[in-house]
Every structure is written in C-alpha cells, then in structure tokens.
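# sharing a model prediction with you, sequence too.
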Amino acid sequence: MSGDKEDVVESPEVHFEPIVKLAPVEISSLEEDEENMLKIRAKLFRYDNTGDSPEWKERGTGDVKLLKHKERSSVRLLMRRDKTLKICANHYILPTMELKPHCSSDRTWVWTTPLDYADEEEKSELFAIRFANAENAQIFKDKFKEAQKIMERLHSSEIDSATDTESGAQETSTASDQTENNVTKELKKMTVKDTKDNATDDQKAKVTDGGQDREETRQENNQSDSPKGER
C-alpha cells in the first residue's frame, strides 16, 4: 500500500562492558609544592648556534610561569607548550640574570641562563620571549625582578648559615682540644703523685729493714761480750 508508512525497526541499544577496568591515575606536575607568582601567555624563542648560520628558533607558545617553592623559597621559570604541555623552558631565576629588550621592542625580552633543564639535561640557553602587548611584557619584567630579589636574599641566608656552621665547628674543635689538654694535665698529676707514693713506700720499707738489721747486730754483739762462764 503506497499510502501506508513503512514500519521502521528501531535498533536495540548495544552496550559492551570493558574487558579491563582501569583506575584513574593522578599525574603529578611537580608544581604541587610551589605557589604561582605569575602566569601569562607568551611565545618563546631560543638562539641556535649549532648550525652554519645561527638563528632564532621558535621554542613554543603557552603560559610562562614563575613558581616559588613553599619551603625552600627558591623561584624558577617554567613554560609549557599548548596542548602537548611539553616543557620548553625550566630554570632557576638568578640574581645575575639581565632582561634586555630585543631590537628595541617593548614587548620582547632577551636573557641568558647558564642551566636550563627543559630537555632533561643541563645546558646554557639564550632565550627571547614575546608577549601580546607592552603591558604584559612589563608585568613579566616586574615579577622577574621580584623573583631575583627573593633569590638574592635566599643566597645571602645560605652563606650566613654556612658561616655559622663553620664557626660552630671551630668552637667545638677548640673546646675539644681544651678538654684533651685538661685531661692530659690531670693524668700527669696522677702519675707524679703515684711516683711519690711509691717512693715513700720504698723509703718506709728501707727504714724498717734497716732497723731490723741494727737490732740483729746489737743482739750478736751482746752475745759475744758475755763471759764464757756464764754460757
């Protein structure tokens, strides 16, 4: 019948249980013990001088962060690429670093780090970072300077702590030497006293032996002087 609508057979809902159930896994970003001082979007470049013609190469685009450790108070710069989250910069902020404008640009900074760990190995890098506008670039510079002051104070406190530790070690060594000298003196006194006591005992023994010898001699003389008849 042309006027009748064809019956549409609905397909049953099919559900397959997974063969293996996987528990959710927490992935650590190693940023849990750090507080975020700055998070701002930028594009990073590195200067590659390994080839015949050195040039700037794009490192990645993403959020650049300044992270301060909650316990140690050390500050590092960390930047990851969008989507892949691969690290393109990871190094400590040092007081000796200097931000310089690149080609007189008000939104690009250039700096050198002696040790960068983005590729899981220590190597020196020359970076250039470009922001969307001059305002963001200035915010980055201000926070970078603040991080440098924190690291400078941290470095000074470590030097003071090392100095105090060395002074304490020297005082302990001096006290130990003094104690050793005192013990040596006491031992010497005890040795001299024992020698005197031994000498006194020897003298007493000699006096006693001498007295006995004299008594025996006197008795022998008395016997020799007595008359024969009295024997």
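Arrived safely, thanks for sending. Residues are numbered from 1 along each chain as shown.

# only C-alpha atoms for contact and neighbour calcs from this point on.
Fine.

# now the phi/psi pair for residue 181, please.
phi -60, psi -40 (degrees, to the nearest 10).

# could you do residue 60 as well?
With angles defined as degrees, to the nearest 10, residue 60 sits at phi 160, psi 160.

# partner residues bridging it?
Here residue 60 sits in beta bridges with residue 44, going by DSSP bridges.

# residue contacts, it?
Neighbouring residues of residue 60 by CA atoms under 8 Å, 6 or more residues apart in numbering: 43, 44, 45, 80, 81, 82, 88.

# drop anything exposed from those residues.
For the contacts of residue 60, a burial check counting by 16 or more other CA atoms under 10 Å picks out 43, 44, 45, 80, 81, 88.

# what would the contacts of residue 60 look like in CSV with pLDDT?
Below are the contacts of residue 60 laid out as CSV (pLDDT from 0 to 100):
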residue, pLDDT
43, 97
44, 98
45, 97
80, 96
81, 96
82, 94
88, 95
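
# one step back: quick one: the buried ones among the contacts of residue 60 as a markdown table, columns for distance to residue 37 too.
Shown next, in a markdown table, are those (distance: CA to CA, whole Å):
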| residue | distance to residue 37 |
| --- | --- |
| 43 | 19 |
| 44 | 19 |
| 45 | 22 |
| 80 | 16 |
| 81 | 19 |
| 88 | 19 |
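
# wait, which of the contacts of residue 60 is closest to residue 22?
residue 82 (27.0 Å; CA to CA).

# now the closest one: how far from residue 159?
39 Å (CA to CA, to the nearest Å).

# now do residue 124
Taking CA to CA, one finds residue 124 at 25 Å from residue 159.

# now do residue 25
With CA to CA as the criterion, residue 25 and residue 159 are 42 Å apart.

# residue ranges with poor pLDDT in this protein?
Filtered on pLDDT under 70, the chain yields the residue ranges 1-11, 164, 166-177, 179, 183-231.

# strands along that one, start to end?
34-48, 55-69, 75-80, 87-92, 100-101, 108-116, 123-130 (DSSP state E).

# who does the third one touch, helix- and strand-wise?
Based on contacts counted as 3 or more CA pairs under 8 Å, 6 or more residues apart in numbering; DSSP states H and E, the elements that strand 75-80 packs against are strand 55-69, strand 87-92, helix 134-225.

# which residues does it contact?
60-69, 86-93, 147, 150-151.

# ok, now with 7 Å
With contact meaning CA atoms under 7 Å, 6 or more residues apart in numbering, strand 75-80 is reached by 62-69, 86-93, 147, 151.
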